[in-house]
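Asker: dropping the sequence and predicted coords here.
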Amino acid sequence: MTLFPAVLTLMAAALHATWNALLKGARDRTVALGLISLGHVVPALFLVALVPAPSAESVPYIIASTVIHWGYYLFLAISYRFGDLSFAYPIARGLAPVLIALGATVWVGEHLPVLAWIGVVTVSCGILLLAAVRRADKRAVASALVTSLFIAAYSVVDGIGIRASGSPLGYIAWLFILEITIVIFVLATRFSRVAATPLETLALGFAGGVLSGLAYALALYAKTLAPLGVVSALRETSVIFAALIGILWFRERPIGRRILAAAIVAAGITVLAFA
């Protein structure tokens, strides 16, 4: 992996951890997810007028990704209901790199070198170490594990789709526009709760959506420049940012395990850089 896609992916990781922290801190996570989706839709409406449309070949991937994201959002919200940010987030993201690398090998035909596989596994081990706590809520563990399956699924689908689109920005724009379905669902089922939400909270949720959209757009674009498995593994360094946010913002503990996990992830990133 060259420097440019690596920088894009690390930026995406930081932004991703930030919007997940906003979701975790929200009182009403369903409304928050609706606002985050709205933060995807609005910028995409402007973007779609400026970039070429994606090819017809990529349309099934856009539709499939939209459906998969419904499941992702559902189980992500459930995992934050029962678990801390620095607990649920690492589990959800921790298995994804290995699953994505396996998926890319089976469906895309990407065969990573042994050194890259060592990096992928090392990053995943560091991430999972963050989640190795006693007396864990089984509901948080189960929902986070299901979330990781959805992450792997949409990552592989979008990785294939954006390459087939002929217009990476067009693919991203239409993928985000279709999240209007989530906005409509939230407004239709929880309109009174949305109306009762303070304006500053609405603005914060929308801003979180813009950050979320930018994070995913950067990661998708990086996948057009480097192998899916490597980009996906590097993106999971977002757990380090999430751990720091959990320590400083939510006062989550213990600190020692998070520092050790960060060192392991950093080692994995170094291996990936030379793969």
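Answerer: Done, it's in.
Asker: contact partners for Ile91?
Answerer: Ser79, Gly83, Leu128, Ala131, Ala140, Val141, Ala144, Leu145, Thr147, Ser148 (Cβ atoms under 8 Å, 6 or more residues apart in numbering). C-beta here means a position set from N, CA and C on the backbone, and glycine is covered the same way.
Asker: in helices, which of the residues you listed fall?
Answerer: Ser79, Leu128, Ala140, Val141, Ala144, Leu145, Thr147, Ser148 (DSSP state H).
Asker: could you measure from the residue nearest to the second one when sequence neighbours are not counted over to Phe82?
Answerer: Of all residues not flanking Leu128 in the chain, Gly94 sits nearest, at 4.4 Å (Cβ to Cβ, 6 or more residues apart in numbering). The span separating Gly94 from Phe82 equals 17 Å under the rule Cβ to Cβ, to the nearest Å.
Asker: okay, these two: which has more neighbours?
Answerer: Using other Cβ atoms under 10 Å, the more surrounded residue of Gly94 and Phe82 is Gly94, with 25 against 17.
Asker: my read: Gly39 touches Leu204, true?
Answerer: No. Using Cβ atoms under 8 Å, Gly39 is not in contact with Leu204, being 10.1 Å away.
Asker: okay, these two: which has more neighbours?
Answerer: Between Gly39 and Leu204, Gly39 has the larger neighbour count (other Cβ under 10 Å), namely 24 against 17.
Asker: so that one: helix, strand or coil?
Answerer: What DSSP: H, G, I helix; E, B strand; the rest coil gives for Gly39 is helix.
Asker: quick one: contacts for Ala96?
Answerer: Counting by Cβ under 8 Å, 6+ apart, the residues that Ala96 touches are Ser148, Ile151, Ala152, Ser155, Ser232, Glu236.
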